[in-house]
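Engineer: Pasting the sequence and the predicted model now:
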Amino acid sequence: MGLRERKKEKTRVALLDAALDLFLEQGYDSTPIDQIAEAVEVSPRTFFRYFTSKEHLILWLHDQVEETMLEVLADRPADEPPFVSMTHALRAQLRTMEYATPDDVARFLKVRRLLDTTPHLAHSTFARAVESERRLVEAIAARQGVDPYESPLPHLVVTFVMAAMRIGFTCPADPPDLQKIVRRMEETLQLVERSLRPGWDA
């Protein structure tokens, strides 16, 4: 990153951190955007340069996951089986989580706590995950040269792999532990791999 990009990223993270602390302290619905911006000493107009809404603050982490996985898929060999490509994409995200900085871990756990206490945000997160899976399906279909609306294969490939992520997020660790969540995702993905006949996605 150049200096300008680093400053922008610093502001984005500051807004996210301030918002999460305020959401957990006084409630998501009770926290206006003006207060979040004021906590970072920027204007509400500046807030909207980084996030489209309060909800986007929470869903932004989904943006990062989707971006990572799509980038990995784009870099995989064209003749690689689609299920293998998807497992590489998910494992790239798991490595990102595994080697997260302490600050990133804290943000993740704050989001997790917020979702546990704010049902309508959990619903929005589920809807965002569905949107990400749709884009992954389109990417797999493009690699296979099939129509995602006609062939069920891309949908199955993505569903089998992403199920490991969903199961990982329900890891019953108390208090939530990111490393345990990552291990649960990896264990579930390995179970999926062992359960499928090689070449099923050909």
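Structural biologist: Right, received. Where do you want to start?
Engineer: Check what pLDDT residue 171 gets.
Structural biologist: At residue 171, the predicted lDDT confidence score is 67.
Engineer: before we move on, what about residue 64?
Structural biologist: With respect to pLDDT, residue 64 has a value of 90.
Engineer: Nearest residue to the middle of this protein?
Structural biologist: Per CA atoms, centre = their mean, the C-alpha nearest to the average position across the chain is that of residue 62, at 3.1 Å.
Engineer: For the protein, which residues score under the pLDDT cut-off?
Structural biologist: 1, 171-174 (pLDDT under 70).
Engineer: Repeat the analysis, applying 80 as the threshold.
Structural biologist: In the predicted model, the chain carries pLDDT under 80 at residues 1-4, 168-176.
Engineer: tell me the helices in it, going along the chain?
Structural biologist: Using DSSP state H, the helices found in the chain span residues 3-26, 33-40, 44-50, 54-75, 82-98, 102-117, 119-144, 153-169, 178-195.
Engineer: Now for residue 130, how many residues are close by?
Structural biologist: Other residues within reach of residue 130 by the criterion other CB atoms under 10 Å amount to 10. Any C-beta I mention is one placed from the backbone N, CA and C, and that applies to glycine too.
Engineer: how close does it sit to residue 176?
Structural biologist: Taken as CB to CB, to the nearest Å, the spacing of residue 130 relative to residue 176 amounts to 23 Å.
Engineer: quick one on the thing from earlier: switch the helices of the chain over to a markdown table; also include distance to residue 202.
Structural biologist: Formatted as a markdown table, these follow (distance: least, CB to CB, whole Å):
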| stretch | distance to residue 202 |
| --- | --- |
| helix 3-26 | 42 |
| helix 33-40 | 50 |
| helix 44-50 | 44 |
| helix 54-75 | 18 |
| helix 82-98 | 9 |
| helix 102-117 | 37 |
| helix 119-144 | 10 |
| helix 153-169 | 9 |
| helix 178-195 | 16 |
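Engineer: That concludes my questions; thank you for your assistance.
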